[in-house]
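> Here is the input, now give the coordinates:
(chains A, B, C and D)
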There are 2 protein chains.
Amino acid sequence: MHKEHTLTKNQQIIFDLIDKSPEPMKAYSILFNVQKKGIKAPLQVYRALDKLVEIGKIHKIESRNAFIACHNSSCQMAKATAFSICEICEKVTEISNDSLSKYLANFKDKDGMKYSKYNLEFFGLCKKCKVK
Amino acid sequence: MHKEHTLTKNQQIIFDLIDKSPEPMKAYSILFNVQKKGIKAPLQVYRALDKLVEIGKIHKIESRNAFIACHNSSCQMAKATAFSICEICEKVTEISNDSLSKYLANFKDKDGMKYSKYNLEFFGLCKKCKVK
DNA sequence: ATTAAATTGTTATAATATAACAAAATGTAA
DNA sequence: TTACATTTTGTTATATTATAACAATTTAAT
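Now for the predicted structure:
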């Protein structure tokens, strides 16, 4: 269950922008888009992004240095994330699949060690791009 | 099966350095370390890194912007990679686990889509750091 | 030997991210 | 409701990561 966080002004502005975006957004693209709202410096963006990631409202797509809103209530506090990424159009979709998340959450390495957190990125062609 | 690639001079210098390193190396740390061997510019490093990643001799740890040598003959051409990362000491280990790699290679999303490639990063505490 | 392809060297610059510190807003407890 | 601590903000400067563009050299395949 998510603890509800009240977002601050900057966090809300930046979350709203990312949440509306159909694709992952990069930090400086976010900055450009919120300058008219008074957010002028990279650090203001990065601080909001850090917090939003921390509380699980957005995720960072590590291979792309870009951010998307979380639409998966089961990825508690960003501790278990999985995405599919189209290598042509760069469309990113968050995967929510019980079998996958259970498998990974319970995965033990050869020393019997379990992990508190994971991030998985699948790459391939999305439906649209496969057809072309 | 890996096609054997003959590394070029710069590629060999940079691969040897990464291969000897007990921890992932960052691009500018690599640059600093190979300057005495005549590699002077970032681009020379990045070009070698790109090629080494492409042929599967090294992997990029995306969440750390760092590179480690591959010690896993089964991760054909860097198409299927999994790592454990200690959040305290930053030790990174490549995971080679048949069950895991089979599970992920065969994973289909809800549209029945399979992926040609994946990268998985597990986070937690390594044995040493857990004890402390 | 000729030539195409890959690699290298080099300068400049783009893109991503953080340090440091002061000011303002917010939360909490008497 | 004031005092105090904490968090958030604003701001300037700078660090870190990565690529563009183009000429020169080396390598591989005829």
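> If we ignore the residues flanking it in sequence, what's nearest the residue lying farthest from the centre of chain A?
Computed with C-alpha atoms, centre = their mean, the maximum C-alpha offset from the centroid of chain A is found at A:Asp111, amounting to 30.1 Å. Taking C-beta to C-beta, 6 or more residues apart in numbering or on different chains as the measure, A:Asp111 lies nearest to B:Lys127, with 6.9 Å between them; neighbours along the chain are not counted. (Each C-beta comes from the backbone N, C-alpha and C, glycine too.)
> could you measure the one you found against DNA strand D, distance?
Using C-beta to the nearest atom of the strand, to the nearest Å, B:Lys127 is found at 26 Å from DNA strand D.
> Surely A:Ser96 is in a strand?
No. Looking at A:Ser96 with DSSP: H, G, I helix; E, B strand; the rest coil, it is coil, so not inside a strand.
> ok, the most centrally placed residue in chain A to B:Leu125 distance?
Note on chain A: the residue nearest the mean C-alpha position is A:His59, at 1.9 Å, using C-alpha atoms, centre = their mean. Relative to B:Leu125, A:His59 is positioned 22 Å away (criterion: C-beta to C-beta, to the nearest Å).
> Please look at A:Ala69 and A:Gly56 and confirm they touch.
No. Distance between A:Ala69 and A:Gly56: 10.4 Å, which falls outside the contact criterion (C-beta atoms under 8 Å).
> Contact residues of chain A facing chain B?
A:62-63, A:84, A:93, A:95, A:97, A:100, A:103-104, A:107, A:109-111, A:113-127 (C-beta under 8 Å from any C-beta of the partner chain).
> Please flag which of those residues sit within strands.
Among the residues of chain A next to chain B, the residues falling in strands (DSSP state E) are A:84, A:93, A:117-124.
> from those residues, which would you call buried?
Taking 16 or more other C-beta atoms under 10 Å in any protein chain shown as the criterion, what is buried in these is A:84, A:93, A:117-124.
> How far does stretch A:46-59 sit from its chain's centre?
Taking C-alpha atoms, centre = their mean, to the nearest Å, one finds the center of stretch A:46-59 at 9 Å from the center of the full chain.
> Please list the outside residues in contact with it.
Contacts with stretch A:46-59, where a contact means C-beta atoms under 8 Å, 6 or more residues apart in numbering or on different chains, come from A:2-3, A:5, A:7-8, A:10-11, A:13-15, A:18, A:27, A:30, A:60, A:67-70, A:75-78, A:81, A:83, A:94.
> residues near A:Ile58, how many?
Using other C-beta atoms under 10 Å in any protein chain shown, the number of residues around A:Ile58 comes to 23.
> where does it sit relative to A:Asp19, distance-wise?
Taken as C-beta to C-beta, the span from A:Ile58 to A:Asp19 is 8 Å.
> what residues are shared contacts of these two?
Residues touching both A:Ile58 and A:Asp19 (C-beta under 8 Å, 6+ apart) are A:Ala69.
> Could you double-check that A:Ser116 lies in contact with B:Lys130?
No. With contact defined as C-beta under 8 Å, A:Ser116 does not count as touching B:Lys130 (10.9 Å).
> And for A:Pro24, the neighbour number?
Other residues near A:Pro24 number 22, with proximity taken as other C-beta under 10 Å.
> what are the phi and psi angles of it?
Main-chain dihedrals, A:Pro24, degrees, to the nearest 10: phi -60, psi 140.
> Find the nearest non-adjacent residue to it, please.
The shortest distance from A:Pro24 to any residue that is not its chain neighbour, by C-beta to C-beta, 6+ apart, is 3.5 Å, and that residue is A:Ala66.
> next one: phi and psi at the one you found?
Note on A:Ala66: backbone dihedrals following degrees, to the nearest 10 are phi -140, psi 160.
> got the contact list for it?
Residues near A:Ala66 by C-beta under 8 Å, 6+ apart: A:24-26, A:60, A:92.
> Looking at strand pairing, list the partners for it.
The residues listed as beta-bridge partners of A:Ala66 by DSSP bridges are A:Ile61.
> Look up how far chain B lies from it.
12 Å (C-beta to the nearest C-beta, to the nearest Å).
> What pLDDT does the model give that residue?
The predicted local confidence for A:Ala66 comes out at a pLDDT of 98.
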